[in-house]
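Trainee: The following comprises the amino acid sequence and a computationally predicted model.
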Amino acid sequence: MITIDRVPSSRNHGLSTSGLSRFLNRARKTVGLKGEVDVLLANDATLRELNKTFRGKNKPTDVLSFPAPAEIANRHAGDLAISLETATRQARTFGHTLRDEVRVLLLHGLLHLYGEDHETDKGEMAAREATLRRELKLPTSLIERAGKIAKPSHTKPPKSKPLKSQRGSK
């Protein structure tokens, strides 16, 4: 499920919840995740608070991944939170649409939910992301472009603190 929260409703982001949901499901299957994924599209303030709460970093970020506990991962793989404000800036920087940027962030977050971690691996996540990005017809991956400008702030909080519990029940 895609939830748009804490973003001024008067702003037209040009995003289709149904289109993003279709992409999310296609990308989830391509990555190999079995469980469902909930996504929160919010603003920098929300991502800053989540980043501070779960990672101790008092700054906004583009995408946060919250893997579900192993015992429910087949039904619910986890949650993602994306800042539309940061995604908008990154889309402008890289010369593509907000829709494409959100899709890049969704794929990156899904790879983290799958267990990939570019901060500790030896390039495996970057290689897989590049392959999947081409397969899903997405622009430059988050990891590939990190060397072109300041390193993006995408992160993977600890598995024990799911975003879902912060949002309340569905």
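Mentor: Arrived safely.
Trainee: Now the terminal residues of stretch 52-66, how far apart.
Mentor: 14 Å (CA to CA, to the nearest Å).
Trainee: tell me which element the nearest residue to residue 112 once chain neighbours are set aside is part of?
Mentor: Using CB to CB, 6 or more residues apart in numbering and skipping the chain neighbours, the partner closest in space to residue 112 is residue 65 (3.6 Å). All C-beta spots, glycine's among them, are computed from the backbone N, C-alpha and C. Using DSSP states H and E, residue 65 maps to strand 63-67.
Trainee: now residue 122: how far from residue 116?
Mentor: The gap separating residue 122 from residue 116 is 12 Å, by CB to CB, to the nearest Å.
Trainee: Counting neighbours, go ahead and name the busier of those two.
Mentor: residue 116 (20 against 8; other CB atoms under 10 Å).
Trainee: Quick check: next helix or strand after the helix of greatest length in the chain?
Mentor: Ranked by residue count under DSSP state H, the longest helix found in the chain is helix 98-114. Going down the chain from helix 98-114, the next helix or strand is helix 124-135, by DSSP H and E.
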